[in-house]
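Trainee: sequence unknown, structure follows:
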C-alpha cells in the first residue's frame, strides 16, 4: 500500500506540473492573441521589411544612378501627365488663335474674297 500511495502522490505531482505548464501556455497564447500585441507585431514586421526595401533601393540607386534617374523621370512624367497635356493643349490653342488672326488680317476686306 505504501507503494500505491507513493504512485498516487507522484501522479498528483505530475498532474499539477502539467496543469501549471498548460496554464502558462494558455497565458502565453492569450497574450499573443491580444489585438494590441498582434498589431504591434505586424507593425514591427512591416517596419523591418520597409527598412530592408529602402536599403536595397538605396544600394541599387548607388550602383546605377542613370537608371534610377530615368525611372524617377518616368514616374514624374507619369504623375504630371495631365498638367503637361493641358499645357500643350493651351500652347496649340494659342498657336491656332494667332494663325486665325493672321489670316483675318491678310484678307483685303476681312471677307476673304478677291
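Mentor: Happy to help now that I have it. Please read these numbers as outputs of a predicted model, since none were measured by experiment.
Trainee: and the most centrally placed residue in the chain, how far is that from residue 43?
Mentor: The centroid of the chain falls nearest to residue 50 when counting by CA atoms, centre = their mean (8.7 Å). To residue 43, residue 50 is 10 Å away according to CB to CB, to the nearest Å. No exception for glycine: its C-beta is placed from N, CA and C like everyone else's.
Trainee: go on, residue 19?
Mentor: The gap separating residue 19 from residue 43 is 35 Å, by CB to CB.
Trainee: pLDDT below threshold where in the protein?
Mentor: Along the chain, the model assigns pLDDT under 70 to residues 1-2, 102-103, 105-114.
Trainee: quick check: longest helix of it.
Mentor: helix 2-32 (DSSP state H).
Trainee: which stretches of the protein form helices?
Mentor: Counting by DSSP H, the helices of the chain are 2-32, 35-63, 65-79, 81-106.
Trainee: for the shortest one, buried residues please.
Mentor: Spelled out, it's helix 65-79. Of all the residues in helix 65-79, not one is buried under the rule 16 or more other CB atoms under 10 Å.
Trainee: who touches that helix?
Mentor: Helix 65-79 has contacts (CB atoms under 8 Å, 6 or more residues apart in numbering) with 60, 61, 84.
Trainee: and the first one, what is it in contact with?
Mentor: Same thing as residue 60. Contact analysis of residue 60 by CB under 8 Å, 6+ apart lists residue 68.
Trainee: begin at 275 from now on, thanks
Mentor: Yes, from this point I'll number from 275; that puts the last item at residue 334.
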